[in-house]
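Undergrad: Show me the folded form of this:
(chains A, B, C and D)
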Protein chains: 2
Amino acid sequence: MAQKTKEKKEPPKGSREACARQILDVVPRAMRLLRREMRKEAGQGLSVPQLRVLAFLSGSPGASLSAVSDFAGVADATASAMVDRLVRRELVTRETDPEERRRVCLGLTAEGAALLGRARARARTRVAQNLAVLSGSELASLDDGLNLLRRVLEAAAEAQDRP
Amino acid sequence: MAQKTKEKKEPPKGSREACARQILDVVPRAMRLLRREMRKEAGQGLSVPQLRVLAFLSGSPGASLSAVSDFAGVADATASAMVDRLVRRELVTRETDPEERRRVCLGLTAEGAALLGRARARARTRVAQNLAVLSGSELASLDDGLNLLRRVLEAAAEAQDRP
DNA sequence: GCCATTAGTTAGCTCCACTAACTATAAGTA
DNA sequence: TACTTATAGTTAGTGGAGCTAACTAATGGC
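TA: So this is what the prediction gives:
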């Protein structure tokens, strides 16, 4: 019954372990591709995390730093440094909230918004070009898979809050 | 009526652009999860790229540095530094090939192989736990999607060689 | 008024990744 | 043979991402 033939230590096909193995293999590769596409003129000097932060701020103007760190899934200090780099490039505004003076109000500058628009569109286009090797139905399958992966990530994020 | 009401500039559903958008969103999140699972006792102090290099050397003993950089998809200098860190931790052996004295022969030490085995198994298990939220058929769909993504990555890698 | 909590920042570390410049070996060629 | 070119790695220098720990400053509760 689904007994594996003890070839090394391969997990049974279709199992969670096999899928985990796939994730461990494919996700880092995909991430590398994204980074490289970003660096190659697509991202106008923005890193992937930076693009993500800009996109977040675009959708949540006035957000606090902890909102950013929460969204990005990194420590406060990391988010602070990331935001600081963006502020120095004048892509993001950072001012203390008049009420709640420990809070900080983040937002995009005009330049930041413009750059986000360009970088986002280009990155998407570049990735889309790479997707040309798939047929329409394959594209749909990939989309389904990504949605499932998203669900897994959301569940994992929740699980991390209350372990 | 899954017709969207023209919210901003959403690309048509199921298009390559929509899928690219998904990838841009989901892959970085997934990568973050992997990194964190690795750091949290799963990876015994190994980073994701380090684990990947060890796994590669496990399957290709005697590989050269350029083989590593090729596999990892990074510049030679990056691979050299990565390998150097592993050598300093005594997880990897590095000796010059007697024939072809500019070449280098890489391999795992016993400790490296043991650590790889542990870290790999644990990382897989941790990720597999997160997959528990999916049903069997969903798991299969995710697996399919990952295989498609893998194909895209391979095509992209080839395209990068001759642009 | 004091104390605990909360929001961010700073400092110090490691790793990843890049480019450019360099060394050393090998292979080709005049 | 000597000169040149190509190949394999390393070194140096830069910058971003991520972490923890320790700190400042503001708020809120008691």
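Undergrad: any idea whether A:Gly62 is helix, strand or coil?
TA: coil (DSSP: H, G, I helix; E, B strand; the rest coil).
Undergrad: Surely it touches A:Leu106?
TA: Yes: the criterion here is Cβ atoms under 8 Å, and A:Gly62 meets it with A:Leu106 at 7.2 Å. Where you see a C-beta, it was placed from the backbone N, CA and C, and this is true even at glycine.
Undergrad: Those two: who's more crowded?
TA: Shown here are A:Gly62 and A:Leu106; by other Cβ atoms under 10 Å in any protein chain shown, A:Leu106 has more neighbours (24 against 14).
Undergrad: quick one, phi psi at that one?
TA: phi -100, psi 150 (degrees, to the nearest 10).
Undergrad: and it, what does it touch?
TA: By Cβ atoms under 8 Å, 6 or more residues apart in numbering or on different chains, the residues touching A:Leu106 are A:57, A:61-65, A:68, A:83, A:92-94.
Undergrad: ok, of the residues you listed, which one's closest to A:Asp25?
TA: Nearest to A:Asp25 among those, counting by Cβ to Cβ, is A:Val68 at 30.2 Å.
Undergrad: residues in contact with stretch A:118-135?
TA: For stretch A:118-135, contacts defined as Cβ under 8 Å, 6+ apart pick out A:33-34, A:37-38, A:40-44, A:46, A:51, A:54-55, A:139, A:142, B:11, B:15-17, B:19-21, B:23-24, B:148, B:151-152, B:155-156, B:159.
Undergrad: any idea which residue sits dead centre in chain A?
TA: When Cα atoms, centre = their mean is applied to chain A, the residue found nearest the centroid is A:Arg52 (6.0 Å).
Undergrad: Next up, the contacts around it.
TA: A:71-72, B:28 are the contacts of A:Arg52 under Cβ under 8 Å, 6+ apart.
Undergrad: Where does pLDDT dip in chain A?
TA: For chain A, the stretches with pLDDT under 70 are A:1-14, A:41-42, A:161-163.
Undergrad: what about the helices in it?
TA: In chain A, the segments counted as helices under DSSP state H are A:16-37, A:48-59, A:65-72, A:76-88, A:110-130, A:136-161.
Undergrad: Export those as JSON lines, with columns for distance to B:Ala113.
TA: Formatted as JSON lines, those follow (distance: least, Cβ to Cβ, whole Å):
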{"stretch": "helix A:16-37", "distance to B:Ala113": "18"}
{"stretch": "helix A:48-59", "distance to B:Ala113": "33"}
{"stretch": "helix A:65-72", "distance to B:Ala113": "35"}
{"stretch": "helix A:76-88", "distance to B:Ala113": "33"}
{"stretch": "helix A:110-130", "distance to B:Ala113": "35"}
{"stretch": "helix A:136-161", "distance to B:Ala113": "29"}
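Undergrad: any chance of those in a markdown table, with distance to DNA strand C too?
TA: Formatted as a markdown table, these follow (distance: least, Cβ to the nearest atom of the strand, whole Å):
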| stretch | distance to DNA strand C |
| --- | --- |
| helix A:16-37 | 6 |
| helix A:48-59 | 11 |
| helix A:65-72 | 3 |
| helix A:76-88 | 3 |
| helix A:110-130 | 16 |
| helix A:136-161 | 14 |
